[in-house]
Every structure is written in C-alpha cells, then in structure tokens.
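# Below: sequence and its predicted model.
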Amino acid sequence: MEQAENKGPTTGRWKSAAIKIGVVAAVLLAGMSLGHPWQFAGGGRDGASGQAKAKWYTCGMHPQVVLPNPGLCPICHMELVPMDTDKSAGGVAVSIPPEISQSIGVRVAPVTTGPIINVIRTVGSVDYDERLVRDVTTKFAGWIEKLHVDYTGQAVSKGQDLFEIYSPDLYTAQEEYLQAKRPAGPGGSAEQGKWNTDLLEAARKRLEYFDVTPEQIRQLEQAGKASKTMAILSRVGGLVIAKNVVEGMKVEPGMQLYRIADLSRVWVLVAIYEYQLPYMQVGQDAMVELSYYPGQKYRGKISYIYPYLNPELRQVKLRLEFDNPDPAQPVLKPGMYANVEIRSELAGNRTLVPREAVIDTGSRQIVIVSLADGRFEPRPVRIGVHAQDEMVEILEGLKPLDKVVTSGQFLLDSEARFRENLMKMMQSGLAATQPAAAAQPAAAAQAAPIEAALPPELRDAFAEILGAYLQIGKKLSEDSVQGLAAPAGQIAGRVEKMLAAPPPGDEHFWHKHAEAADIRANALKIAQAGKIEQAREPFADLSVALARLLRQTGVPAEMKVEIQELRCPMYRPGQGGAHWLQEAGEVRNPFFGRAMLGCFDSRTALPISPSPQKQPATAPATMPENTATLPNRRT
C-alpha cells in the first residue's frame with residue numbers, strides 16, 4: 001500500500017520533470033563544461049526587449065524551474081540563482097561553438113537530388129528449375145548387369161552410358177528385328193516383300209520405343225546377332241540428384257532409377273507482402289548475394305508471380321531465374337538461402353535527405369538545418385516516400401544544397417523547443433503568476449482521523465519507539481553516525497517485546513500489523529552501520545514501515561507534538577523517492593544532511609490516536625512559516 005501512495009500526483013509531476021531534465025540538462029551541461037553557454041540567435045519581437053531584460057531566477061539542478069522572484073526551488077529547496085535572459089530571448093536558431101558541436105557529436109549532410117528507387121530486400125531459397133529435371137526409367141522389366149553411373153552427384157552428359165541391362169523383352173525385340181532384316185528368298189512375290197518391309201519397320205519401332213538409339217540399332221545390324229545386355233543412355237546432361245539402382249537389381253517398367261537435374265539455370269523463390277505487389281512485374285531485374293560469398297552478386301529476372309497468396313502471412317510468392325556460371329560446379333545450389341534485392345524506379349529527380357535527419361513525432365516532421373557561423377535552426381518539412389540507401393523524399397521545407405543535421409539533432413530540437421517555450425512564457429508574463437517557494441506558507445495535508453483508540457498497553461511503547469526514531473533522524477540530518485546504535489537498539493528491543501505479548505483481547509493484532517517485523521529488522525541494520533550510507537538505506541525502509549503502522553494506529557496523543565511524513569524526491573528517484581518522519585517545523589532531510597537539508601516536495605501530518613476517554617482528533621493544520629509552498633500528497 002505504501003508503494004501505491006508514492007505514485008500520487010506529486011510523484012507524477014516529478015517524473016515528468018525528470019524526463020525534461022534528462023534531455024535539456026545534458027545539452028546545457030555540455031555547453032557549460034567548455035565554458036561556452038549556448039546562445040539563441042535572431043531578434044525577438046519588438047515588445048519583448050523590455051521584458052527580456054527583467055530578472056528571472058532558476059535552479060541549478062532543475063533548469064525547468066523559472067520564477068520571477070528570488071527564493072527556494074520548489075523541488076529541492078536550494079537557493080534560486082539569476083538567469084541570463086539575453087541568452088533565452090530571441091528566435092529559436094541555436095548557436096553552438098564548434099568545440100561543443102564536436103563534443104556532442106553533431107554531424108551534417110547536404111540535401112541531394114536523385115531518383116526515387118524503391119528497394120525490396122528479402123530472403124529467398126534456391127530451387128531446381130523444374131523444366132530441367134528428368135527421371136530415368138525403363139519401359140520393360142529386366143536386371144541390371146553393370147552400372148556406369150554409380151553415385152549421387154555424379155555429372156553426366158547427354159548420350160553417356162548409365163547402365164547395362166538384361167531384359168527378355170528387349171532380347172526378343174532384337175531377334176525380331178534381325179529376323180525381319182534378313183532378305184526374302186528368291187521367287188518371293190511383291191506382296192511378300194511388302195509384308196517383310198512392314199515387319200521390319202514394326203520391329204524397328206519396337207526397339208525405338210524401348211529407348212534404343214539409332215546408333216545402337218546400327219551396331220545391332222552390323223553385329224548380326226542379338227546382345228544379352230544393352231546400355232541405356234542418358235537423354236539429358238546434368239547432375240545425378242537421386243540414384244535408386246544397384247547392380248543385380250531387378251527393375252520394373254516405370255521405376256525411377258535416376259533423377260538428373262540440369263543446374264545451368266536455377267530458380268530462387270521469394271515471398272513479399274501484398275502491399276509490395278505494385279512494385280513487382282514479370283521481367284524485372286533482381287539481384288542475389290550469398291552469405292558465404294559476400295560481395296559477389298548475380299543478376300536475374302522475375303519469371304513468374306504466383307496468382308495466389310498465403311492467407312495467414314499475407315504474402316505472395318515470386319519466382320526468379322538465375323544462370324549458374326559453371327553448371328558442373330554450381331555456385332547457386334538448390335537448398336541455399338540467398339539475400340535478394342529487387343529495385344524499381346518510381347520517379348525521376350527528387351529532393352532527398354538521409355532518413356536519420358528527420359525527427360518524426362507522428363503529427364509533425366522536423367529537420368535541423370545547419371546555417372552559417374555555427375547556427376542551427378529547426379524547420380518543419382513534409383516528407384514523401386522512403387527511397388533507397390536510407391533516404392527519404394522531401395516535398396516541402398528544404399531545397400538542394402541545404403545542410404541538415406544527421407546526428408545530435410534530438411538534443412538540438414529539445415533545446416530549441418525548451419528555449420522557445422521559455423521565451424514565450426517570459427514574454428507573455430505567465431511566469432509572473434508563479435510564487436517563489438518562500439513567498440507563501442502552506443499547511444500540511446491531513447490524514448484521515450483514527451476512530452479506534454490505541455490500546456493502553458501500546459501507547460507508551462509507541463511513544464518510546466517514535467522518540468528513538470526521531471533521535472536517529474536528527475543524527476542522520478547532521479551527517480553523523482555517532483550514537484545511532486543506542487536508539488536503534490532501543491527500537492529493536494521494544495518491538496521484540498511487543499511482538500511477544502499482543503494486546504489483551506486482540507491476539508491477532510500483530511498479524512494485522514506485519515510492519516512491526518520490518519521496523520525491528522531495519523533498526524538492527526542501523527545499529528550495525530559503520531558508515532552514513534549504510535545507515536540511511538535501512539532508515540528509508542524503517543521510515544516506510546513505521547509510517548504505515550502509524551497511519552493505521554495513530555500517533556499517541558501523549559507525544560504532544562505533531563508528527564509529519566515528508567518525501568524527498570531526490571533520494572531513490574527510481575522508487576518514487578524516500579519518506580521520513582519528523583516533528584513539525586524546519587525541514588531536516590536525513591538522506592542528504594547538510595548538502596540539501598531542506599529538500600522535500602510534500603509533507604503530511606500523521607493522525608493522532610485518541611485517548612480512550614476522548615473523541616478522535618486530528619493534527620493542527622498550520623505549518624511554520626519557514627516551510628515551502630508545495631502540492632500536498634494524498635495518503
């Protein structure tokens with residue numbers, strides 16, 4: 001619950017201020033570190049010169065605090081110092097000495113012109129050209145007698161012997177051809193001769209249908225007798241990508257024995273999103289680059305755009321074709337991934353700037369223009385399409401040969417906007433309505449009154465614990481650890497006795513107030529601390545637990561003093577600040593001591609536990625007049 005209370009309106013305002021500090025203070029400190037504060041060039045409005053010379057005050061740690069009167073910073077309560085209004089008046093062109101520009105890494109680039117080229121980069125996979133893949137089969141049954149191509153990956157050429165096969169069907173076909181080839185006997189009729197011719201042609205066709213080549217038929221004619229085996233030749237050249245045959249194996253018609261692929265040309269399959277389709281067309285050039293062969297690019301073309309898309313990924317497939325320089329030792333191997341780049345020219349000469357030069361907030365686009373003599377000016381622009389090489393088209397606001405900032409522009413823009421708003425505020429007099437910290441006293445926020453009286457058995461114990469706690473806080477505010485062990489040990493011992501004996505009639509009292517155990521544990525850490533920071537860390541945790549307990553039970557009325565809870569936003573800023581308790585009066589920050597004794601941003605009076613005979617009461621609402629005006633924090 002305590003952590004939730006720390007995230008009230010005051011904390012939110014502190015975090016907002018911290019964001020501004022992070023950007024602006026870094027820029028201001030960069031200039032101050034070299035002894036050349038940033039200046040703003042250009043004259044202001046005529047009526048602003050008198051106001052610009054008026055005295056204004058700011059905080060060295062919180063430059064966003066600007067007040068018309070001296071006093072204390074409302075955040076850290078440090079003394080406000082006069083600010084140089086001459087450096088905050090005028091236009092919004094930032095003037096920076098060269099050494100500061102170099103130290104914060106400001107780089108500029110010229111505005112150029114060139115064509116708008118849309119570049120799509122994606123990853124594709126290399127695949128076989130399906131038109132160049134062939135299967136080797138037989139049209140008859142038989143047995144493999146000898147393999148000439150006997151391993152996968154072997155290169156073959158067109159007409160090369162693949163294997164020798166014995167087939168009864170093939171042997172019979174040879175015999176039939178030779179029988180038909182023999183000349184007819186003397187005295188044969190013309191009809192008989194024609195029949196022999198038809199028979200010869202049919203026998204020859206049968207051999208050809210068995211994939212016997214004309215050269216093999218000629219050799220058969222020369223031999224004059226059938227051969228037991230016949231070689232099967234490759235009808236294409238390429239690489240064997242599948243081999244399903246061994247010597248002695250019986251094969252059946254249509255069985256795949258080899259698969260041969262010609263890798264002189266391959267496909268690259270890529271996927272693009274549907275919004276990129278307007279930039280794609282068949283015949284368009286494409287480039288691929290392999291990760292294992294950097295710097296070497298291969299040119300190809302889009303050969304096919306698939307007529308459907310993947311409904312889950314909203315992507316469309318493209319097929320690109322590329323030639324392999326050496327098909328026997330292909331560089332583009334099927335199965336590889338390749339980086340693909342597809343370019344398309346959208347327009348002729350346009351005004352271009354580096355994409356990193358544009359500050360795009362969503363509602364506006366700003367570039368920082370480098371002027372003469374080290375001056376920089378924020379300028380609104382209207383951008384067009386994104387082009388190649390991380391460039392963006394400028395439709396309005398710039399012209400060729402202007403120079404824009406490509407690094408450090410966020411610091412320049414933040415500083416320009418901050419000073420511009422500051423200038424407007426001073427010119428309009430709005431800051432005059434902000435009172436200085438010491439000008440107006442305020443009351444501490446009030447906690448809800450306690451309805452139930454604190455059990456009598458605990459009133460003295462709570463008063464003793466609170467008294468010892470206030471001693472520790474006073475020591476820490478004086479930057480001293482001397483004498484901390486005694487009050488810290490007193491707190492730990494008193495809490496231990498209370499935990500051992502719950503109040504009569506409420507044996508679950510300490511179950512409902514588990515903070516007591518945290519109070520004891522942190523008190524023991526303070527008692528053992530030898531250095532100031534070793535004591536301040538557990539003191540912050542002890543303060544949270546004690547404040548939570550007292551907000552539920554109330555401060556014993558016998559204390560006769562108002563106990564207030566204060567918050568320091570500078571200590572543990574990542575956790576919403578740190579809290580401590582003290583008597584009403586002058587602020588004594590235990591976390592920074594004399595360095596920032598008055599640093600706080602909210603204070604709340606803790607409720608008072610009424611006496612059993614009295615009605616509930618609340619703490620008085622008046623704070624001493626030397627405390628600061630700040631927004632109250634809700635409890």
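Received it, and whenever you're ready, just let me know what you need. Numbering: from 1, shown residues only.

# switch to C-alpha atoms for all contacts and neighbour counts from now on
Fine.

# can you give me the offset of the host helix or strand of residue 353 from its chain's centre?
Element membership of residue 353 [criterion: DSSP states H and E] is strand 337-354. Averaging C-alpha positions (CA atoms, centre = their mean, to the nearest Å) puts strand 337-354 25 Å from its chain's average.

# who's in contact with that strand?
Residues from elsewhere that reach strand 337-354 (CA atoms under 8 Å, 6 or more residues apart in numbering): 109-126, 279-280, 285-291, 390-395, 398-400, 404, 406.

# Could you do stretch 247-262 as well?
Stretch 247-262 has contacts (CA under 8 Å, 6+ apart) with 128-129, 132-147, 236-245, 327.

# Quick one, which of those residues are buried?
For the contacts of stretch 247-262, a burial check counting by 16 or more other CA atoms under 10 Å picks out 128-129, 132-138, 141-147, 236-243, 245, 327.

# out of those, which are inside helices?
Using DSSP state H, no member of the buried ones among the contacts of stretch 247-262 falls within helices.

# Mark which of these are part of strands, please.
Using DSSP state E, the members of the buried ones among the contacts of stretch 247-262 that fall within strands are 128, 133-136, 142-147, 238-243.

# follow-up on the earlier one: so for the strand holding residue 353, what gets flagged as buried?
Quick answer for strand 337-354 (16+ other CA under 10 Å): 337-344, 350-354.

# State the mean pLDDT of it.
Confidence for strand 337-354, expressed as mean pLDDT, is 88.

# helix or strand right after that strand?
With DSSP H and E, the next secondary element past strand 337-354 is strand 359-360.

# Run through this protein and note the low-pLDDT ranges.
Scanning the chain for pLDDT under 70 picks out 1-54, 64, 84-93, 184-193, 408-454, 612-635.

# mind checking how far residue 491 is from residue 482?
Between residue 491 and residue 482 the computed distance is 17 Å (CA to CA, to the nearest Å).

# burial of residue 582, as a residue count?
Residue 582 has 25 neighbours, counted by other CA atoms under 10 Å.

# how about the helices in the stretch 101-250 of the chain?
Counting by DSSP state H, counting those that start in this stretch, the stretch 101-250 of the chain has helices at residues 168-181, 190-209, 214-223.

# would you turn the ones you listed into CSV with mean neighbour count and distance to residue 69?
Formatted as CSV, the helices of the stretch 101-250 of the chain follow (neighbours: other CA atoms under 10 Å; distance: least, CA to CA, whole Å):
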stretch, mean neighbour count, distance to residue 69
helix 168-181, 18, 115
helix 190-209, 15, 109
helix 214-223, 13, 112
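
# Of these, give the one that comes closest to residue 366.
For the helices of the stretch 101-250 of the chain, the distance to residue 366 is smallest for helix 190-209, at 76.9 Å, taking CA to CA.

# Tell me the helices and strands packed up against that closest one.
On a contact count with 3 or more CA pairs under 8 Å, 6 or more residues apart in numbering; DSSP states H and E, helix 190-209 meets helix 168-181.

# what do you get if the cut-off is 10 Å, keeping everything else the same?
Counting contacts by 3 or more CA pairs under 10 Å, 6 or more residues apart in numbering; DSSP states H and E, helix 190-209 packs against helix 168-181, helix 214-223.

# Can you give the contact residues for it?
For helix 190-209, the surrounding residues in contact (CA atoms under 10 Å, 6 or more residues apart in numbering) are 139, 170-185, 189, 210-214, 216-217.

# Could you export that helix as CSV, keeping only the C-alpha atoms?
Presented in CSV, the C-alpha positions along helix 190-209 are these (Å, rounded to 0.1, in the frame of the first residue of the first chain):
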residue,chain,number,x,y,z
ALA,A,190,5.7,-58.5,-104.3
GLU,A,191,3.1,-58.9,-101.6
GLN,A,192,5.6,-60.9,-99.6
GLY,A,193,8.2,-58.3,-100.0
LYS,A,194,5.9,-55.6,-98.7
TRP,A,195,5.0,-57.7,-95.8
ASN,A,196,8.6,-58.2,-94.9
THR,A,197,9.1,-54.4,-95.1
ASP,A,198,6.2,-53.7,-92.7
LEU,A,199,7.5,-56.3,-90.3
LEU,A,200,11.0,-54.7,-90.3
GLU,A,201,9.5,-51.3,-89.7
ALA,A,202,7.4,-52.6,-86.8
ALA,A,203,10.4,-54.4,-85.2
ARG,A,204,12.5,-51.2,-85.5
LYS,A,205,9.7,-49.1,-83.9
ARG,A,206,9.6,-51.5,-81.0
LEU,A,207,13.3,-51.1,-80.4
GLU,A,208,12.9,-47.3,-80.6
TYR,A,209,10.0,-47.4,-78.1
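
# Buried ones only from the contacts of strand 337-354, please, as a ChimeraX command.
Listed next is the ChimeraX selection for buried residues among these, using 16+ other CA under 10 Å:
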select :109,110,111,112,113,115,116,117,118,119,120,123,124,125,126,280,285,286,287,288,289,290,391,392,393,394,398,404,406
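
# Now do the contacts for the closest residue to residue 164 other than its chain neighbours.
Spatially, and ignoring its direct neighbours in sequence, residue 164 is nearest to residue 231 (4.2 Å; CA to CA, 6 or more residues apart in numbering). Taking CA under 10 Å, 6+ apart as the criterion, residue 231 is in contact with 144-148, 160-166, 212-213, 216.
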